[in-house]
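Chemist: Quick one: sequence and predicted model below, then my questions.
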Amino acid sequence: MHEAPPGLLLQGDFHHAGQPLFRDIHLGIEAGRWTCLVGPSGVGKSTLLRLIAGLDTGGEFSGSVAAGDEKPIAARVAYMAQTDLLAPWLDVYENVVLGARLRGETPDRARAERLIARVGLVPHRHKRPASLSGGMRQRAALARMLMEDRPIALLDEPFAALDARTRSEMQELAHETLEGRTVVLVTHDPAEAVRLADRIIIVSAAGLSHYDGLEGHPLRAADAPETLAMQSDLLRRLRGLPQ
Ligand SMILES: Nc1ncnc2c1ncn2[C@@H]1O[C@H](COP(=O)(O)OP(=O)(O)OP(=O)(O)O)[C@@H](O)[C@H]1O
């Protein structure tokens, strides 16, 4: 990465087929930090990521998405969707280097091999997605996103298909590899949010609210009493229970 990662600001209204999803929303994302979006299913978290990424949402957005440095955003984004979006005709290695190939660049082979090793797919590097498990496909998609080395990373439930141990290892890999980037992570898992976030934003039908119970810095120890206390506090907040 050669440039400083920017902060981001999304504001405006969003409708699906005339039905409002967000009204007068104001989502500020801090530069060079991990922001986690948490909230109930269907509330619009993926839509927010897609709006930031400049991707089609199937709805109508009237508003703006801007970077703090006022430069265009889309070309600086590495995006990992909820579905892995791997090319079915390519093996793991070719999927990981697909971005470079599409840009007509020579892929950094050593970096790709390192990432494939870190996501535990060396024995599977010549397999196509149809021969991989859901968790393996998600790890291949994670390696492909990390391969892009962009200043902004938008991650939609990137660890959801993984077993507990692998999830923990992949969180550590993403934390290390995306150090200093502007990261927006959508997750349903309060434990993941409190482990990885510099800032947590709760997305609800009523709008956005900032979770103010975070202490310390990522990568928090998942089993430390203070992390567990934050996790249960965030869960209570998400369930609308008294603090
Ligand atoms: N193409 C579309 N046309 C109409 N409505 C849509 C379309 N795509 C999404 N929606 C609706 O927009 C809302 C927000 O969807 P979105 O995927 O952003 O939610 P989410 O918070 O990410 O959900 P989840 O946590 O389940 O992934 C949902 O109610 C969904 O039904």
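Modeler: In hand now; what should we look at?
Chemist: Next, count neighbours for Ala100.
Modeler: By the criterion of other CB atoms under 10 Å, Ala100 has 17 neighbours. For the C-beta atoms, the positions are set from N, CA and C on the backbone; glycine is no exception.
Chemist: should've said Arg167
Modeler: Arg167, neighbours per other CB under 10 Å, totals 21.
Chemist: what's the pLDDT at it?
Modeler: Listed pLDDT for Arg167 reads 95.
Chemist: now His26
Modeler: On pLDDT, His26 comes in at 96.
Chemist: If it is in a bridge, with which residues?
Modeler: Beta bridges link His26 to Gln11, judged by DSSP bridges.
Chemist: Torsion angles phi and psi at the residue of the chain at minimum distance from the ligand?
Modeler: Closest to the ligand within the chain is Gly58: 2.6 Å, counting by CB to the nearest ligand atom. Here is the backbone geometry of Gly58 (degrees, to the nearest 10): phi 80, psi 0.
Chemist: What about the residue lying closest to it once chain neighbours are set aside, how many residues nearby?
Modeler: Once flanking residues are discounted, Gly58 sits nearest to His16: 6.8 Å by CB to CB, 6 or more residues apart in numbering. Neighbour count of His16, defined by other CB under 10 Å: 13.
Chemist: which ones are touching His16?
Modeler: Each residue near His16 by CB atoms under 8 Å, 6 or more residues apart in numbering is listed here: 58-60.
Chemist: What about those residues, which one has the most neighbours?
Modeler: Gly59 (18 neighbours).
Chemist: residues in contact with that one?
Modeler: So Gly59 contacts 14-17, 21, 47 (CB under 8 Å, 6+ apart).
Chemist: What's the per-residue pLDDT of the most centrally placed residue in the chain here?
Modeler: The centre of the chain sits closest to Leu155, judged by CA atoms, centre = their mean, with a distance of 1.5 Å. Looking at Leu155, its pLDDT is 98.
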